[in-house]
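> Give me the fold of what follows.
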Amino acid sequence: MHVGEVTFFERTFTLEEVKQFGQISGDLGIHHMQPDAQGRVLVQGLLTATLPTKLGGDLNFLARKMTLEFLRPVFTGDTIRCESTTEYIEQQADRTVMVFAIVCRNQRGKEVLTGQIHGIIRNESAKER
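Next comes the predicted model:
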């Protein structure tokens with residue numbers, strides 16, 4: 001990884017995922033359970049925020065601080081592309097400290113979520129402790 005590197009992940013949210021996340025999280029607001037006039041259900045904000053966690057999981061990245069701003073609603077059937085840009089890297093004895101900028105956009109190119117994530121990747125020798 002290097003500063004400026006961009007990775008991405010894309011997914012389309014389904015009604016079943018919204019229902020499952022509601023059961024797990026307890027976020028069962030009516031707007032997450034009943035379709036609107038267009039037949040869509042509002043996706044929980046924190047379900048949308050799972051997109052950057054997939055990118056972090058690919059790196060074995062341990063998030064320590066997440067600052068997120070929810071800009072627009074996401075509905076079932078929306079395809080969201082999450083881009084992560086490496087902003088900072090610092091090698092330490094037992095870990096690599098990293099900061100990522102996050103931008104998630106819907107299928108129309110509109111930003112729905114932005115933020116910054118701070119965390120670490122533990123070096124192999126630190127994992128053995």
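
> so where do the strands sit in the protein?
6-12, 62-70, 79-91, 95-105, 111-122 (DSSP state E).

> Quickly list what residue 119 is bridged to.
Beta-bridge pairing for residue 119 (DSSP bridges): residue 63, residue 98.

> separation between the residue nearest to residue 11 when sequence neighbours are not counted and residue 3?
Leaving aside its sequence neighbours, residue 11 sits nearest to residue 80 (C-beta to C-beta, 6 or more residues apart in numbering; 6.4 Å). C-beta coordinates here come from the backbone N, C-alpha and C atoms, glycine included. Between residue 80 and residue 3 the distance is 25 Å, computed by C-beta to C-beta, to the nearest Å.

> higher neighbour count, these two?
residue 80 (19 against 11; other C-beta atoms under 10 Å).

> give me every residue that touches that one.
Residue 80 is in contact with 10-13, 48, 51, 74, 104-107, 112-113, counting by C-beta atoms under 8 Å, 6 or more residues apart in numbering.

> Just the buried ones from those residues?
For these, a burial check counting by 16 or more other C-beta atoms under 10 Å picks out 13, 48, 51, 74, 104, 105, 106, 112, 113.

> Report the helix or strand with the lowest average pLDDT across the chain.
helix 124-127 (a mean of 57; mean pLDDT, DSSP states H and E).

> so which two of the buried ones among the contacts of residue 80 are the farthest from each other?
For those, the farthest-apart pair by C-beta to C-beta is 13 and 105; their separation is 13.8 Å.

> distance of residue 76 from residue 6?
In terms of C-beta to C-beta, residue 76 sits 27 Å off from residue 6.

> Between these two, which is the more surrounded one?
Shown here are residue 76 and residue 6; by other C-beta under 10 Å, residue 76 has more neighbours (20 against 11).
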